[in-house]
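J.: next comes the sequence, and after it the predicted model I'd like to discuss.
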Amino acid sequence: MLTNHNEKGMYSFNIDKFYRNYLKGPKLFKKREALEPSFIPDELPHRNSEIEKIAGITACALKGDVPPNFVCYGMTGTGKTATVRYISQKLAEHCTKPPWWVYINCTVVSTPYRILAHIYNTIVGKEIIPSTGLPKDVILKKLLGLLDQHINDSICFLVLDEIDILIEKKGGNEILYNLTRLNENLDHCRTSVIGISNKLKFMEFLDARVTSNLEEEEPIVFKPYDANQLYDILKLRSEVAFQEGVIDDGVIKLCAGLAAKEHGDARKALQLLRKAGEIAERNQTKKIMENHVEKAQKDIDKDHIVEYIFSMPLQAKLTLTAIFLLSKYTKEHIITSGDIYEVHSELAQFIPNVKQLTHRRISDYINELTLSGLITAITKSMGHYGRTKIVKLDIEFNLIERVLSQIKIVKEYRLLDYKPIILQTDKVKIKNIVFKKLI
């Protein structure tokens, strides 16, 4: 018998018995992967307009012509990536010579070197270009040769998911410029770049030459789903994912309603439904009930916070760290956007190659953290001093501390031990973030 131990001694959990009972229990899932965001269904409800626009832009590929570069905007879970993948499948069905599609998740592959290496290795089907070691111009030359020789006179779509991440990276503008101008150096192959972003204003931070190359067509904006639309999506997916009769409409409507409150996030809705099914199956119940959804919601909220913080760009993590530090040392201190700007600037000075942001950029990050539910920010008038945001953490303090302490750069530079100058009583502010110690 296998058992687990805790601090108090022997713990009675019997893993063999648990697995035996699990196997004897009801089988609720028929096709679990149908509830994964990566699953592409036969039908994408409530995205006809967006499908029509992308189909119109990419249709010229059917006749061997190169489609223009374009960008898809929309909040997380609005179906951007799913729609692009859906289009790729449909385009392949009607092409005599199907195009190539290379997907780059910029939250994972974010440096110019790794992006070029990823494209090359994806086309070849194995790792030929190492993760480090070669000059970028050498990889670019190799990639151009590969595109002409391997793909030849076909079209290669380069899909940059979470493209806005590249703005935060050194060389981000350069790699976007290179990718959008590949065709000038190709003899046979032709490429088209598709950007996917959940930040409507990210193009404002790109070089003008990149903007003109990337937005050759009007951006396609994906609006958040409402509760009824999420219900339709979940209803279709549940018919594929679950055995017949194990889930009622009321449970699906509850999942849709909860996700609709999270800015119409279809990914959240699918995750909620899948996790509720898993909880029900582990509990040996024959049907998925509303209490399983409620339990799933609590579990996901914690997981979502951790995952979201880890996936944020470095500057967003530093902004959150600044808010955390201002909250840590005094409960009475009212945190303003100006305070956050000053503390962020202090933190940025500790870390090599991290630039100080403008007030406007800090305000953008505050807005994003507010939308994510990590903080609340209320705009207030300060009389002749203008308007400012009053900010406070909106989730458990200890949870934020635990997650931030696991971030490599925060741990390396011991940022959580730093006390902001604005809270040091033996120093006074002279100008901007210049302080003088009191005698």
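T.: Structure's in. What do you need? Numbers count the residues shown, from 1 in each chain.
J.: in this protein, what spans have low per-residue confidence?
T.: Applying pLDDT under 70 to the chain flags residues 1-11, 331-332, 382-385, 425-439.
J.: again, only using 80
T.: Scanning the chain for pLDDT under 80 picks out 1-12, 131-133, 168-170, 200-201, 262-263, 301-304, 330-333, 381-386, 424-439.
J.: looks to me like His304 is in a helix.
T.: Yes: His304 sits within a helix when classified using DSSP: H, G, I helix; E, B strand; the rest coil.
J.: how about the nearest residue to it once chain neighbours are set aside, what does it touch?
T.: Closest residue to His304 apart from its sequence neighbours, by CB to CB, 6 or more residues apart in numbering: Lys268 at 7.6 Å. The way it works is simple: take the backbone N, C-alpha and C, and place the C-beta from them, glycine included. Applying CB atoms under 8 Å, 6 or more residues apart in numbering, we find Lys268 in contact with Gly77, Leu258, Ala259, Glu262, Ile300, His304.
J.: show the contacting residues for Asp394.
T.: By CB under 8 Å, 6+ apart, the contact list for Asp394 reads Gly373, Leu374, Ile375, Thr376.
J.: the residue lying closest to the first one once chain neighbours are set aside and Leu369, how far apart?
T.: So that's Gly373. Leaving aside its chain neighbours, Gly373 sits nearest to Asp394 (6.2 Å; criterion: CB to CB, 6+ apart). As judged by CB to CB, to the nearest Å, Asp394 and Leu369 stand 9 Å apart.
J.: what's the overlap in contacts for the two?
T.: Shared contacts of Asp394 and Leu369 (CB under 8 Å, 6+ apart): Ile375.
J.: number of nearby residues for Glu278?
T.: Residues lying near Glu278 (other CB atoms under 10 Å) number 18.
J.: off-centre distance for the host helix or strand of it?
T.: Assigning secondary structure by DSSP states H and E places Glu278 in helix 266-282. Relative to the mean C-alpha coordinate of its chain, helix 266-282 is positioned 20 Å out (CA atoms, centre = their mean, to the nearest Å).
J.: and it, what's buried?
T.: Buried residues in helix 266-282, counted by 16 or more other CB atoms under 10 Å: 266-281.
J.: first-to-last residue distance for stretch 363-380?
T.: End-to-end span of stretch 363-380 (CA to CA, to the nearest Å): 14 Å.
J.: buried sites along it?
T.: Buried residues in stretch 363-380, counted by 16+ other CB under 10 Å: Ser363, Asp364, Tyr365, Ile366, Glu368, Leu369, Thr370, Ser372, Leu374, Ile375, Ala377.
J.: related to what we said a few turns ago, could you dump the contacts of Lys268 to TSV with neighbour count?
T.: Converted to TSV, the contacts of Lys268 look like this (neighbours: other CB atoms under 10 Å):
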residue	neighbour count
Gly77	25
Leu258	20
Ala259	28
Glu262	20
Ile300	19
His304	16
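J.: those helices in the stretch 1-150 of the chain, which residues are they?
T.: For the stretch 1-150 of the chain, the helices defined by DSSP state H, counting those that start in this stretch occupy 15-24, 48-58, 80-94, 112-124, 136-146.
J.: just checking, what packs against the last one?
T.: What that stands for is helix 136-146. Applying 3 or more CB pairs under 8 Å, 6 or more residues apart in numbering; DSSP states H and E, we find helix 136-146 packed against helix 112-124.
J.: mind listing the helices for the stretch 301-439 of the chain?
T.: With DSSP H, counting those that start in this stretch as the criterion, the stretch 301-439 of the chain has helices at 314-329, 337-350, 359-372, 397-404, 408-412.
J.: can you say which of these is packed in most?
T.: Neighbour counts (mean count of other CB atoms under 10 Å) averaged over each of those peak at helix 314-329, with a mean of 22.
J.: from Ile362, how far out is Lys392?
T.: Lys392 is 16 Å from Ile362, by CB to CB.
J.: before we move on, the earlier item: between the helices of the stretch 301-439 of the chain, which one is nearest to Asp42?
T.: helix 359-372 (32.1 Å; CB to CB).
J.: who touches that closest one?
T.: Residues outside helix 359-372 that contact it (CB under 8 Å, 6+ apart) are 75, 199, 201, 263, 308, 315-316, 319-320, 323, 337-338, 340-341, 344, 357, 375-377, 389, 391.
J.: kindly recompute the last result at 6 Å.
T.: Tyr308, Ala316, Thr319, Ser337, Ile340, Tyr341, Ile375, Ala377, Lys389 (CB atoms under 6 Å, 6 or more residues apart in numbering).
J.: sec struct for the nearest residue to Asn353 once chain neighbours are set aside, please.
T.: Distances taken as CB to CB, 6+ apart place Lys170 nearest to Asn353, at 6.6 Å, with adjacent residues excluded. Classification of Lys170 using three-state DSSP returns coil.
J.: so what's the residue count around Lys170?
T.: Lys170: 11 surrounding residues under other CB under 10 Å.
J.: phi, psi for it please.
T.: phi -60, psi 130 (degrees, to the nearest 10).
J.: look up how far Pro112 lies from it.
T.: Noted for Lys170: a distance of 8 Å to Pro112, by CB to CB.
J.: likewise for Lys419?
T.: According to CB to CB, Lys419 stands 37 Å off from Pro112.
J.: neighbour count: these two, which is higher?
T.: Ranked by neighbour count (other CB under 10 Å), Lys419 and Pro112 place Pro112 first, with 21 against 11.
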